[in-house]
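Enquirer: give me a 3D structure for the following:
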Amino acid sequence: MCHFNTLPAVAVFLILALSNSRAAIDEHGFPAKYPGTPYNGEPLKIPGTIQAAEYDIAPNGANNITFHYDGDSKQTDLRKSPDSIGLARCGNGHVSIDGKPENPNQIYVGWTQVGEWLRYSVKVGEAGTYVIGGKLSAGASDAKISFSFGPNINTGPIPIPTTAGHQPNVEVYHVWETLDNLAEVKLEPGTYLMTVKIEAAAGMNFAYFTFTKK
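Expert: The predicted structure is shown next:
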């Protein structure tokens, strides 16, 4: 009679769970059978400028696929798909830290929350170290965001300076600053799923992110 060593059912479950968790996201950041699609039909290009409001399209506006947000997604005139979360247009009440009027038609991601994230399909054209910049506003002094391109490429939390107090009589969240050197990231050519996450302090606004080869 042959005897086979068998594992208890609980042990088998744990092994499968760990295996699935490791395989859930590939080296370029894509979850298994990722149903999100690039906003403009093809990945956004790096180097280049990535509009914050052009995160991947989520099927039926579903949460936790192309974004994580503590609230409802909806259809607005600011985005072609029914998954708008905290989007707004600058209008005439937004200025730079120098007091210059901002483009009133600029669409931005606002009302951000700690733990919120957005995913963007991006295509890196050539290998290199890229400097990350952005146009944003922040009302809190301890704000932080991060960028990741899979499990092994992550900027870690990046401090974002407050724009509070730069312009008297202008709402703090409506004062914008352009930062050219938030962090650096080394990338190989290929298509990635970039995740931008709010690590600390709610209430930031994002217009766009830039990636410049060093």
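Enquirer: now the protein, which segments are flagged as low pLDDT?
Expert: Under the criterion pLDDT under 70, the flagged ranges of the chain are 1-23.
Enquirer: which strands or helices does the longest strand belonging to the chain pack on?
Expert: Among the elements of type strand in the chain, defined by DSSP state E, the one spanning the most residues is strand 175-187. Applying 3 or more Cβ pairs under 8 Å, 6 or more residues apart in numbering; DSSP states H and E, one finds that strand 175-187 makes contact with strand 95-96, strand 128-137, strand 158-160, strand 205-213. Using the backbone N, CA and C atoms, a C-beta is placed for each residue, glycine as well.
Enquirer: show me what the first one is packed up against.
Expert: Read it as strand 95-96. Right, strand 95-96 is packed against strand 175-187 by 3+ Cβ pairs under 8 Å, 6+ apart.
Enquirer: mind doing that once more with 7 Å?
Expert: Under the contact criterion of 3 or more Cβ pairs under 7 Å, 6 or more residues apart in numbering; DSSP states H and E, strand 95-96 touches no helix or strand at all.
Enquirer: follow-up on the earlier one: out of the helices and strands packed on strand 175-187, nearest to residue 58?
Expert: When the helices and strands packed on strand 175-187 are ranked by distance to residue 58, counting by Cβ to Cβ, first place goes to strand 205-213 at 17.9 Å.
Enquirer: residues touching residue 194, list them.
Expert: By Cβ atoms under 7 Å, 6 or more residues apart in numbering, residue 194 lies in contact with 29, 119, 120, 122, 147, 149.
Enquirer: mind listing the residues bridging to it?
Expert: Here residue 194 sits in beta bridges with residue 120, going by DSSP bridges.
Enquirer: one step back: the longest strand of the chain: which residues count as buried?
Expert: Neighbour-count burial for strand 175-187, with 16 or more other Cβ atoms under 10 Å as criterion, is recorded at 175, 176, 177, 182, 183, 185, 187.
Enquirer: possible to save the residues you listed as TSV with distance to residue 204?
Expert: What follows is the buried residues of strand 175-187, written out as TSV (distance: Cβ to Cβ, whole Å):
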residue	distance to residue 204
175	12
176	11
177	11
182	12
183	15
185	20
187	24
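Enquirer: just give me the closest of the residues you listed to residue 46.
Expert: Each of the buried residues of strand 175-187 was checked against residue 46 using Cβ to Cβ; the closest is residue 187, at 6.9 Å.
Enquirer: may I have the beta-bridge partners of that closest one?
Expert: What pairs with residue 187, by the bridge criterion (DSSP bridges), is residue 128.
Enquirer: enumerate every residue touching it.
Expert: Counting by Cβ under 7 Å, 6+ apart, residue 187 makes contact with 46, 124, 127, 130, 149.
Enquirer: what about the last one, distance to residue 187?
Expert: What that stands for is residue 149. Using Cβ to Cβ, to the nearest Å, we find residue 149 at a distance of 6 Å from residue 187.
Enquirer: ditto for residue 50
Expert: Using Cβ to Cβ, which is the criterion applied here, residue 50 is 13 Å from residue 187.
Enquirer: residue 169 too?
Expert: 42 Å.
Enquirer: again, but for residue 150
Expert: From residue 150 over to residue 187 the distance is 10 Å, taken as Cβ to Cβ.
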